[in-house]
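A.B. asks: Curious how this folds, go ahead:
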Amino acid sequence: MNATTDRFPGELRDRRTARRISQLELAIRAGTTQRHVSYMERGRSHPGRAMVVRIAESLELSLRDRNKLLLAAGYAPAYAESRLDEPLLRPVRDALHSVLHGHMPYPAIVLRPYGEIVAANPALDVLTEGAAPHLLTPPVNMLRLMLHPEGMAARVRNLAQWGRHVTDNMRGHALRHPDPRLDAFIAELDGYLPAKPPPGADHLGFAVPLHLAAPEGELRLLTTLTSFATAVDVTLAELHLEAFLPADEATAEILRARAGTPRRRG
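C.D. replies: Modelled structure (predicted):
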């Protein structure tokens, strides 16, 4: 094997063990045998391109990591990686801007991995107001902005609970998609947070509303995340839309008033 394909056994073994998947389980998922998986991890058998793709899918790798596994096996990447400003992706950009506009008067943002803001609607100002200038210098990192003491965190009334909810979700993603850079970023964000209090009588488990102070009163916000689940382009697959929704009518009324939107009837 050459120097490129010689990397494949270690890459496969590292990605499988990081996901706590046994050789037998991977073999069943990929439609092969445990012996074959063992041989591939020891470099005694070199898989064909189709097998590498099946293994990558079975490990639920991101499109970026699937390309890396193919390269490690000596094959060309299977998924393109376009720039977001390329003409090819104009229909996607237009669709995203339509979604952002349609979510008004509530905040919505499009993020790259690690929280970098790609686009946002004007209602984002309710989240960014009062933040230190260095946190608002492009490219803005929304995760750091939310949890940094000089950012949104200064106005979050339930920072210990809500902030840990954010980093716990990131930690879950890191378990599925191991990345030392993500681990370091999570550690940075954890360092901004106070100790997590024990669950109280009103503990909601995975659903932790954001309690955010605003000049008009306290806002209670829920978040939803949307991704391009069927994307075949690395850039699109790594984007996700984070939309904030009012958890009560008082919050909805404040956000409508800020945007100059008439109150809904009925």
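A.B. asks: quick one: Gly151 and Leu143, what's the gap?
C.D. replies: 10 Å (Cβ to Cβ, to the nearest Å). Bear in mind the C-beta positions are built from the backbone N, C-alpha and C, glycine included.
A.B. asks: neighbour count winner among the two?
C.D. replies: Taking other Cβ atoms under 10 Å, Gly151 and Leu143 do not tie; Gly151 has more neighbours (25 against 21).
A.B. asks: In contact with Leu239, which residues are there?
C.D. replies: Counting by Cβ atoms under 8 Å, 6 or more residues apart in numbering, Leu239 makes contact with 84, 96, 110-112, 118, 227-228.
A.B. asks: now for the helix or strand encompassing Asn67, which elements pack on it?
C.D. replies: Using DSSP states H and E, Asn67 sits in helix 63-72. Packing partners of helix 63-72 (3 or more Cβ pairs under 8 Å, 6 or more residues apart in numbering; DSSP states H and E): helix 8-18, helix 49-58, helix 234-237.
A.B. asks: avg pLDDT for the longest one?
C.D. replies: pLDDT averaged over helix 8-18 equals 93, rounded to a whole number.
A.B. asks: Also the shortest one?
C.D. replies: For helix 234-237, the mean pLDDT works out to 92.
A.B. asks: That helix: how far from the chain's middle?
C.D. replies: 12 Å (Cα atoms, centre = their mean, to the nearest Å).
A.B. asks: what's the helix or strand following it packed up against?
C.D. replies: Remark: after helix 234-237, the chain's next helix or strand is strand 240-246, criterion DSSP H and E. Packing contacts for strand 240-246, counted by 3+ Cβ pairs under 8 Å, 6+ apart, involve helix 90-102, strand 108-111, strand 217-227.
A.B. asks: shaky segments in the stretch 151-266 of the chain?
C.D. replies: The model of the stretch 151-266 of the chain has pLDDT under 70 over residues 196-207, 262-266.
A.B. asks: ok, back up a step: I'd like the contacts of Leu239 written out as CSV, with neighbour count and distance to Arg90 added.
C.D. replies: Shown next, in CSV, are those (neighbours: other Cβ atoms under 10 Å; distance: Cβ to Cβ, whole Å):
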residue, neighbour count, distance to Arg90
Leu84, 17, 10
Leu96, 20, 11
Val110, 23, 15
Leu111, 22, 20
Arg112, 16, 18
Val118, 17, 14
Ser227, 13, 20
Phe228, 16, 15
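A.B. asks: Could you single out the nearest of these to Tyr192?
C.D. replies: Tyr192 lies nearest to Leu111 out of these, by Cβ to Cβ, at 18.5 Å.
A.B. asks: give me every residue that touches the closest one.
C.D. replies: 117-118, 142, 239-242.
A.B. asks: sec struct for the nearest residue to Ala18 once chain neighbours are set aside, please.
C.D. replies: In space, and not counting its chain neighbours, Ala18 is closest to Pro178: 4.3 Å by Cβ to Cβ, 6 or more residues apart in numbering. Here Pro178 is coil, with the state taken from DSSP: H, G, I helix; E, B strand; the rest coil.
A.B. asks: how much space between Pro178 and Glu11?
C.D. replies: For Pro178 relative to Glu11 (Cβ to Cβ), the value is 12 Å.
A.B. asks: contacts for stretch 73-89?
C.D. replies: Contacts for stretch 73-89 (Cβ under 8 Å, 6+ apart): 1-2, 4-5, 8, 46-47, 49, 52-53, 63-64, 66-67, 70-71, 93, 118, 232-237, 239.
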